[in-house]
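Chemist: Structure of the sequence below:
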Amino acid sequence: MSKFTELSPPEWPVKLLRFFLKKEYVEEIEGDMEELFFIHLEEVSLRKARLKYTWEMIRLLRPSLIKNLKNTYTLNPLIMYRNYLKTAWRNLMNKKAYSAINIFGLALGIACCLLIFMFVQDELSFDNYHEKGDRIYRVVHGNKDQSIEDFWVWGNAPIGQALADNFPEIEKICQFSGRADFLFANGEKKYQEEDVFLTDSTVFDVFSWKLLKGNPKTALAAPFSVVLTESTAHKYFGDEDPLGKSLKSDGAAGRANGGEYLVTGVMEDVPSNSHFRFNALVSMSTFRKSRPDIFTAWGYVDFYTYFLVNDQFDRAKFEAKIPSFINKQMAGDPNSKYKIVIEPLKDVYLRAYSQRQPGETGSLPNIYLFSIIGVFILVIAIINFMNLSTARSMERSKEVGIRKSIGANRGSLIYQFLSESFIIVVISMMAALIIVYAALPAMGNFTGKVFFIQKFINTQTSVIILGMMVLIGLAAGSYPSFVLSSFNPVKVLKGMSKSGRSGINLRRVLVVFQFSLSIALIAGTLIVYFQMNHVLDKNLGFD
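Modeler: Here you go, the predicted model:
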């Protein structure tokens, strides 16, 4: 390093002044300040001279010397983008009919896609709320000669205790018996409860159903104990505390005797995205007390068996041990063909193959089908937007020619037209959300589900919606932007502008593709509609 460099003033104050000060003052100030630095250097140390130099430079940042910040390079893009948005909004307002058609068409497509997304999201969310859901399995019963589709979820009671005794990786066993019908009464209030299950006291250890009142460890331990859901408790007791009170019942045929059933707990209503739901749970010990022989009978079918495994559970090793386990249990019956398989809770709703399910089941192929339909509808809406935009290209060709002739480059024009695209997408998205909100009751009646917009609008879906807006804006606005920005200004101003043969061909391809998708969707809808009407109205030959 040279001696001159070592004794020079710091560089950053000079760069600061060059950025903020008016150009006509910078060169003169730099020379004067450097001369002053070397005068100070003769009087004080290098460190003090540099500090004085820096302080004097900072003091020069006066309003009279500072240039207009609005004209700096860093803020020009903000002004430019604001101009793009203003121009885009003005163009939309000048063509109200075109804008309305474009916005409504895109909004309708987005709304349909969002409604389908809500349905798919609800289907995929079944039983996901259980904290230990990845460790919960279910027993499926069958025969060695049967295909897997002929297996039953409904099975015998002894299998539960036998699994617990022979597989140390199982932490808890929980069995359900039902659905049972109980006629409960509290004074004059009498209701026939159809959705009631008898279950073990371990139910709250396995499943994440929240008990609002009562002890989850003991609520279903004693005979003639009942846990009510919040809505069921309100039906019988109103605003009173039901804990410790009794409901009279005639019991359930073959499962529970009549008598006084003590309310030992109140739980939250079972979420709608559960593969089976109920209004009340009765202790399994009630069943044991009335029919103890059932719990040792391998041939009696009346139970759903679930179990919770530990963190070290290996499904492959577990399944490999099942045949020898069954042979051991059936040693007294050499001709037995009894067989079991296990099914994870996450597969129960969408991938269930067995019969006698405790509740409703969904269909994974239907999820794929609806998802594809949603994407197709959105693609149709985007193509419609692109075609309408490019169809207007001739009307705006002179605008492009004038902009290019006064210095606008292709990039700035692309930004301009993309801005218009994004404005339409934003307005369309807001209109789509209004349509979705208005359509939710009809959607609920059609699907048999209950949809809440509050449940749908969360962090995850907000990110998805924003992502959709960006993708739709780019997909729908990219081609019109590139076509319009490619016009030759000389030809445009002479009235010779053409969008190009490739543009015309692409629009034709898009129109054909759009109509093909539309026809396929309409045809598929009509076929399913008429087929379902045929199934429902067909005379089966008996009354």
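Chemist: what's the neighbour count on the residue nearest to Pro358 when sequence neighbours are not counted?
Modeler: The shortest distance from Pro358 to any residue that is not its chain neighbour, by CB to CB, 6 or more residues apart in numbering, is 4.0 Å, and that residue is Phe276. Bear in mind the C-beta positions are built from the backbone N, C-alpha and C, glycine included. One way to gauge burial is a neighbour count; for Phe276, by other CB atoms under 10 Å, it gives 19.
Chemist: do the same with Gly238
Modeler: For Gly238, the neighbour count with other CB under 10 Å is 10.
Chemist: what do you get for Phe176?
Modeler: Taking other CB under 10 Å as the definition, Phe176 ends up with a neighbour count of 22.
Chemist: pretty sure it is in a strand, no?
Modeler: Yes: using DSSP: H, G, I helix; E, B strand; the rest coil, the secondary structure at Phe176 is a strand.
Chemist: and it, what is it in contact with?
Modeler: With contacts taken as CB atoms under 8 Å, 6 or more residues apart in numbering, Phe176 has the following neighbours: 197-199, 303-304, 306, 358.
Chemist: Now for those: which two are most distant?
Modeler: Checked with CB to CB, these reach their widest spread between Leu198 and Tyr306, with 13.8 Å between them.
Chemist: Give me the distance between Ser201 and Lys248.
Modeler: Counting by CB to CB, to the nearest Å, the separation of Ser201 from Lys248 is 23 Å.
Chemist: of the two, who's got more company?
Modeler: Taking neighbours as other CB under 10 Å, Ser201 and Lys248 compare with Ser201 leading, 18 against 14.
Chemist: First-to-last residue distance for stretch 293-307?
Modeler: Chord length of stretch 293-307, first to last residue, is 23 Å (CA to CA, to the nearest Å).
Chemist: List the buried residues in it.
Modeler: 294-295, 298, 302-307 (16 or more other CB atoms under 10 Å).
Chemist: Narrow those residues to those in strands?
Modeler: When strands are assigned by DSSP state E, the members of the buried residues of stretch 293-307 inside them are 303-307.
Chemist: List just the nearest of those residues to Leu521.
Modeler: Here the nearest of those to Leu521, counting by CB to CB, is Tyr304; it sits at 39.6 Å.
Chemist: beta partners of the closest one?
Modeler: When bridges are assigned using DSSP bridges, the partners listed for Tyr304 are Phe176.
Chemist: Pull the contacting residues for it.
Modeler: For Tyr304, the set of contacting residues under the criterion of CB under 8 Å, 6+ apart consists of 138, 153-155, 175-177, 358.
Chemist: OK, contacts around Asp145?
Modeler: Counting by CB under 8 Å, 6+ apart, Asp145 touches Lys337.
Chemist: confidence score at it?
Modeler: pLDDT, the model's per-residue confidence, is 80 for Asp145.
Chemist: Would you mind measuring from it to Lys337?
Modeler: Applying CB to CB, the value for Asp145 to Lys337 is 6 Å.
Chemist: Likewise for Ser428?
Modeler: With CB to CB as the criterion, Ser428 and Lys337 are 61 Å apart.
Chemist: Which one of those two is surrounded by more residues?
Modeler: Neighbours per residue, other CB under 10 Å: of Ser428 and Lys337, the larger number sits with Ser428, 26 against 12.
Chemist: ok but that one is inside a helix, no?
Modeler: Yes: membership of Ser428 in a helix is supported by three-state DSSP.
Chemist: sorry, back to before: hmm, which two among the contacts of Tyr304 are most spread apart?
Modeler: Checking those against each other with CB to CB, the farthest-apart pair comes out as Arg138 and Ser177, at 14.6 Å.
Chemist: Compare neighbour counts for these two and give me the winner.
Modeler: Neighbours per residue (other CB under 10 Å) separate Arg138 from Ser177, with Ser177 holding more: 25 against 20.
Chemist: In terms of pLDDT, where does that one sit?
Modeler: Ser177 carries a pLDDT score of 90 in this model.
Chemist: do the same with Arg403
Modeler: On the pLDDT scale, Arg403 is placed at 67.
Chemist: cool, Met496 as well?
Modeler: Residue-level confidence at Met496 comes out at 53, pLDDT.
Chemist: Likewise for Pro158?
Modeler: Looking at Pro158, its pLDDT stands at 92.
Chemist: contacting residues around Val153?
Modeler: Residues near Val153 by CB under 8 Å, 6+ apart: 138-141, 304, 352, 354-358.
Chemist: what would those residues look like in CSV with secondary structure?
Modeler: Formatted as CSV, the entries for these read as follows, by three-state DSSP:
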residue, secondary structure
Arg138, strand
Val139, strand
Val140, strand
His141, strand
Tyr304, strand
Ala352, coil
Ser354, coil
Gln355, strand
Arg356, coil
Gln357, coil
Pro358, coil
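Chemist: so Gly160 makes contact with Lys172?
Modeler: No: with the criterion set as CB atoms under 8 Å, Gly160 and Lys172 do not qualify as a contacting pair; they are 10.3 Å apart.
Chemist: Next, show the common contact partners of those two.
Modeler: Counting by CB under 8 Å, 6+ apart, the residues touching both Gly160 and Lys172 are Phe307.
Chemist: and these two? which has more neighbours close in?
Modeler: Just comparing Gly160 and Lys172: by other CB under 10 Å the higher neighbour count belongs to Gly160, 23 against 17.
Chemist: And whichever strand or helix holds that one, what's buried?
Modeler: Secondary-structure element containing Gly160, defined by DSSP states H and E: helix 158-166. Neighbour-count burial for helix 158-166, with 16+ other CB under 10 Å as criterion, is recorded at 158-160, 162-163.
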